[in-house]
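> What shape does this take:
(one chain, ligands or ions: 3)
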Amino acid sequence: RIVLGIESSCDETGVGFVRLSDDGRVELLADAVASSVDEHARFGGVVPEIASRAHLTAMAPTMRRALDESGLALSDVDAVAVTAGPGLAGALMVGVASAKAYASALDVPLYGVNHLGGHVAVDTLEHGPLPERCLALLVSGGHSQLLLVEGVGEKITEIGTTIDDAAGEAYDKVARILDLPYPGGPPIDKQAKLGDPNAIAFPRGLTGPRDAKYDFSFSGLKTAVARYVETEQRAGREISVPDVCASFQEAVADVLTAKAVRAALDLEVGTLVISGGVAANSRLSALARERCAEAGIELRVPRPRLCTDNGAMIAALGAHVLRADAKPSPLDMPANPGLPVDTIVVR
Ligand code: ATP
Ligand code: MG
Ligand code: FE
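Ligands and ions are numbered 1, 2, ... in the order given. Down below sits the predicted model:
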């Protein structure tokens, strides 16, 4: 069966196609993405109104590209999956309205699915079926969560989250402090390779004995970087951007990997999936590889292109939901900006 996936929760318009085989395997057929990231750059973050408008203009051409890439016709589609939430209200509405139009025109079931579940499901396109239980570390511009996955189309429970900024948000804010371009992840990653990760002792948020074991906090770290830069400049000392980037990046990667590995060991889960835009970070994946190997945990990180927002991940989750034989969503389903992570399909 062929599943169409539509994503529009943030600044990426994504259309993807996957094939669900009878044996339950899910295969990537097309993944077309249009991003409005450049239009947000001068604001240092995503502007909701700009994102919504960009989705409107990008949706039809992105669908065209995905169809061309897959060699499929719309009449081949057996089910439509769309991000119902969480995300920006106006942005979500564009994808949801489009998906309803395709589902009713093609007379196939509609599945309004959870964006966060999509970030986990996408790994099956790259590495094949996931074990019965696994742990997912989802780190992006809007999210930093530890998820216990018991069947990717069936049960996902949040065991930890950020109490303030998301990991990617911290990268973007620190980049701003250092006058590096938006989004901040790639330039900081690049600078960090030239610096000393032990040059500055930045704080590791929520790692005290009384702190919530699996929650994250990155706002203190961002403030510490700002204070460091300010203090140095006021004293007339030149700061080393590579050292600041390397030390900041080390603090983020240290906390994320330590908590993820600890959770995997505590919950006796043998597999860790890292996904979301920040999964592209070179230090995060290197440290995760090291620590997972030490702890005897299998590490799965999808390729960067699949880690950031795309339609294929939504198609993949749709396929897993279809496989679990879930009831479709109603055609009057609303977009839900605050869709809870444990709601995999909207009913
Ligand atoms: P959502 O949170 O809904 O998934 P998003 O668009 O913010 O939406 P992504 O597109 O998955 O999320 O990821 C973008 C984020 O990833 C940005 O904050 C960016 O700075 C960060 N990022 C990208 N590459 C890297 C990298 N190499 N290292 C660290 N962070 C990175
Ligand atoms: Mg994005
Ligand atoms: Fe996302």
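
> who are the neighbours in contact with residue 109?
79, 80, 103, 328 (C-beta atoms under 8 Å, 6 or more residues apart in numbering). Placement of C-beta: from N, CA and C, glycine included.

> can you name the two of those residues that are farthest apart?
80 and 328 (9.3 Å; C-beta to C-beta).

> who has more neighbours, the two?
More crowded of residue 80 and residue 328, by other C-beta atoms under 10 Å: residue 80, with 28 against 20.

> about what we covered before: so which of the contacts of residue 109 sit within helices?
Mapping the contacts of residue 109 onto helices (DSSP state H) picks out residue 103.

> mind putting the contacts of residue 109 in TSV, pLDDT and distance to residue 338 included?
As requested, these are exported to TSV (pLDDT from 0 to 100; distance: C-beta to C-beta, whole Å):
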residue	pLDDT	distance to residue 338
79	98	25
80	98	23
103	98	23
328	97	22
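
> In terms of secondary structure, what does the helix ranked longest in the chain contact?
Using DSSP H, we find that the single longest helix of the chain is helix 241-266. When contacts are defined as 3 or more C-beta pairs under 8 Å, 6 or more residues apart in numbering; DSSP states H and E, helix 241-266 sits against strand 133-139, strand 144-150, strand 156-161, helix 167-177, helix 185-192, helix 219-234, strand 271-275, helix 282-295.

> list the buried ones in the longest one?
For helix 219-234, a neighbour-count test (16 or more other C-beta atoms under 10 Å) marks 220, 221, 222, 224, 225, 228, 229 as buried.

> Flag every residue of the stretch 1-150 of the chain that's near ligand 1.
9, 10, 11, 87, 140, 141, 142, 143 (C-beta under 6 Å from any ligand atom).

> Just give the number of residues close to the nearest residue to residue 88 once chain neighbours are set aside.
In space, and not counting its chain neighbours, residue 88 is closest to residue 48: 4.7 Å by C-beta to C-beta, 6 or more residues apart in numbering. Per other C-beta under 10 Å, the neighbour tally for residue 48 reads 15.

> before we move on, back to that, any chance of a markdown table for the helices and strands packed on helix 241-266, columns distance to residue 344 and mean pLDDT?
Shown next, in a markdown table, are the helices and strands packed on helix 241-266 (distance: least, C-beta to C-beta, whole Å; pLDDT from 0 to 100):
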| stretch | distance to residue 344 | mean pLDDT |
| --- | --- | --- |
| strand 133-139 | 13 | 98 |
| strand 144-150 | 10 | 97 |
| strand 156-161 | 6 | 97 |
| helix 167-177 | 23 | 96 |
| helix 185-192 | 28 | 98 |
| helix 219-234 | 30 | 97 |
| strand 271-275 | 16 | 98 |
| helix 282-295 | 25 | 98 |
